[in-house]
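>>> Turn this into a structure:
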Amino acid sequence: MITEGLIVKYNRTSTMAQHGERFKTDRNAYDKVFFDQGVSGTKPFKERTEARKIVEMINDNMIKELHVEELRDLGRRTLCVLTTLDWLDKHNVNVVIRSMGNLSSRVGEKRNEIWSMITATMSSLYQMELENLKIRTAMGRQAYLMKGGVIGRPRHTKETEKAFLEKPKTKEILSLLSKGKSLRDIAGRANCSINLVVKAKRMVEKTPI
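Predicted coordinates:
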């Protein structure tokens with residue numbers, strides 16, 4: 001068991017738009033601070049870019065204490081969080097959670113007796129929160145579909161020749177074609193792609209598109 005080592009801080013935000021303003025309240029001095037910006041809590045800790053650096057340092061026996069703002073910074077799924085915490089404990093790393101009154105996994109050289117109970121309970125609550133969010137999202141999606149909403153491109157749908165030829169843009173292209181304009185000139189005048197001009201030309205000529 002190491003008695004010396006680095007004290008590091010790990011910060012994480014779920015989106016790139018979050019710049020970690022909440023971390024500025026932490027005035028503690030750390031040997032190193034790692035920040036995974038725009039990383040979902042559902043992504044395993046060991047697979048995150050900055051967290052991997054921490055993992056490597058722990059494997060090299062360089063870290064004695066890891067601080068995080070909240071338990072969910074380590075993960076959002078119970079099994080994932082508990083697996084990470086167990087791995088940290090086996091490497092004799094003291095984990096400190098600032099939002100829980102600087103709760104530590106160790107007191108001196110011994111395991112904190114209430115640590116396992118508290119962390120298991122909190123990680124379960126975070127997972128419940130995530131599952132509830134999924135349920136609400138699914139319900140909202142279902143309600144939207146029941147009202148006739150469409151998500152994504154409808155499958156097995158193909159625009160008919162008649163519908164294409166009746167479009168104002170197609171009519172404009174055909175009018176310019178009848179005047180002998182070049183494909184590139186028509187595309188510029190109609191503000192469309194050359195491919196659309198070619199499609200209209202081929203269709204009106206009854207040749208395969």
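
>>> When you work out contacts or count neighbours from here on, use the C-alpha atoms and nothing else.
Fine.

>>> Phe34 falls within a helix, correct?
No - membership of Phe34 in a helix is not supported by DSSP: H, G, I helix; E, B strand; the rest coil, which gives strand.

>>> tally of neighbours for the closest residue to it other than its chain neighbours?
Leaving aside its sequence neighbours, Phe34 sits nearest to Tyr10 (C-alpha to C-alpha, 6 or more residues apart in numbering; 4.9 Å). Using other C-alpha atoms under 10 Å, Tyr10 has 19 neighbouring residues.

>>> same deal with Ile54?
Neighbours of Ile54 (other C-alpha under 10 Å): 23.

>>> Following element in sequence after the helix or strand in which it is found, please.
Take DSSP states H and E as the rule and Ile54 turns out to sit in helix 49-59. Downstream of helix 49-59, the next assigned helix or strand under DSSP H and E is strand 63-68.

>>> what residues does that next one touch?
Strand 63-68 has contacts (C-alpha atoms under 8 Å, 6 or more residues apart in numbering) with 2-11, 57, 74, 92-98.

>>> Buried subset of those, written for ChimeraX?
Per 16 or more other C-alpha atoms under 10 Å, the buried members of those correspond to this ChimeraX selection:
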select :6,7,8,9,10,11,74,92,93,94,95,96,97
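
>>> Quick check: helices, which of the contacts of strand 63-68 are part of them?
Met57 (DSSP state H).

>>> Show me what stretch 111-130 is in contact with.
In contact with stretch 111-130 (C-alpha under 8 Å, 6+ apart) are residues Leu71, Arg72, Arg76, Arg77, Thr78, Val81, Leu82, Leu103, Ser104, Ser105, Arg106.

>>> out of these, which are inside helices?
Per DSSP H, the contacts of stretch 111-130 map to helices at Thr78, Val81, Leu82.
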